[in-house]
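Chemist: What follows is a predicted structure for the sequence shown.
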Amino acid sequence: DLLSTYEVLNTFAVIIFNEYELNICKYKTLPSLALAIYLSSYYDGNITSLKGSLYYDIKRSYFGGRNEVFEQPQSGEVFVYDINSLYPFAMTKTMPVGRPIFSLNKKLEEVYGFCEAIVTVPDSLSIPPLPTRLDYELVFPTGTIKGMYFSEELKYAKTLGCGVEILYSYVFEKGKPFNTYVANFYK
């Protein structure tokens with residue numbers, strides 16, 4: 001077992017060194033090696049590091065995942081799906097890049113970025129689309145909520161009948177900074 005593990009690690013080290021001129025022994029984890037590969041060979045400088053109040057303002061738009069059962073499970077035929085590489089697939093989609101620009105533009109259709117908004121979610125929606133935090137709990141309420149949201153989430157909420165009033169926003173360029181990276185490792 002030890003010899004075969006050594007051969008695998010050695011082969012991996014040679015491939016990484018030949019392709020990227022990186023010594024895998026300098027990285028304690030695969031994620032740190034993956035970051036080094038990205039930064040040394042794929043990064044084009046178009047991803048901005050957010051700092052200070054800008055970071056904390058935009059961070060309010062990140063809520064985490066939603067796991068809920070909306071209908072009672074029914075007996076009968078069950079369909080099971082296996083999704084191949086969903087996270088890398090998501091990383092190939094358009095995302096905010098470049099330096100953000102503060103904007104008071106109130107036209108949601110013209111904004112791509114993060115918006116402080118007042119949203120009115122109709123009581124008739126059985127599955128409200130936008131989260132908010134209430135006493136350290138993540139809830140998806142109807143009624144009027146205020147918070148920082150990604151513009152594309154607000155646009156989706158609007159298609160469901162939600163009213164959206166933008167107070168201000170941080171506008172970004174659109175980009176796909178991970179396409180080449182993901183495509184290379186996927187193949």
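Modeler: All right, it came through fine. Remember, it's a predicted structure, so these values are computed and weren't measured experimentally.

Chemist: tell me the helices in this protein, going along the chain?
Modeler: Taking DSSP state H to define them, one finds helices in the chain at 2-20, 30-41, 52-59, 86-91, 151-159, 179-186.

Chemist: quick one: the second one to chain centroid distance?
Modeler: Remark: helix 30-41 is offset 19 Å from the chain centroid, using CA atoms, centre = their mean, to the nearest Å.

Chemist: just the first one next, same as before
Modeler: Taking the mean of its C-alpha atoms, helix 2-20 sits 32 Å from the chain's own mean (CA atoms, centre = their mean).

Chemist: Quick one: residues in contact with the lowest-mean-pLDDT helix or strand in the chain.
Modeler: Ranked by mean pLDDT, DSSP states H and E, the weakest helix or strand in the chain is helix 86-91, scoring a mean of 89. Contacts to helix 86-91, defined as CB atoms under 8 Å, 6 or more residues apart in numbering, come from residues 178, 182, 185-186. (C-beta placed from N, C-alpha, C; glycine too.)

Chemist: Equivalent analysis for stretch 20-33, please.
Modeler: Contact with stretch 20-33 is made by 9, 12-13, 16-17, 36-37, 40-41, as judged by CB under 8 Å, 6+ apart.

Chemist: got CSV for the residues you listed, with pLDDT, neighbour count and distance to Glu110 too?
Modeler: Formatted as CSV, the contacts of stretch 20-33 follow (pLDDT from 0 to 100; neighbours: other CB atoms under 10 Å; distance: CB to CB, whole Å):
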residue, pLDDT, neighbour count, distance to Glu110
Leu9, 95, 12, 52
Phe12, 96, 12, 48
Ala13, 97, 14, 50
Ile16, 96, 17, 44
Phe17, 97, 12, 48
Ala36, 97, 17, 38
Ile37, 97, 19, 37
Ser40, 95, 11, 37
Ser41, 95, 14, 35
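
Chemist: want to throw those residues into CSV with distance to Gln74?
Modeler: Conversion of the contacts of stretch 20-33 to CSV gives the following (distance: CB to CB, whole Å):
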residue, distance to Gln74
Leu9, 49
Phe12, 47
Ala13, 52
Ile16, 49
Phe17, 54
Ala36, 49
Ile37, 46
Ser40, 51
Ser41, 49
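
Chemist: Gly161: which of those residues is nearest?
Modeler: Proximity of these to Gly161, judged by CB to CB, is greatest for Ile37, which lies at 45.0 Å.

Chemist: quick revisit: of all the helices of the chain, which one is nearest Val111?
Modeler: Nearest of the helices of the chain to Val111, taken as CB to CB: helix 151-159 at 4.8 Å.
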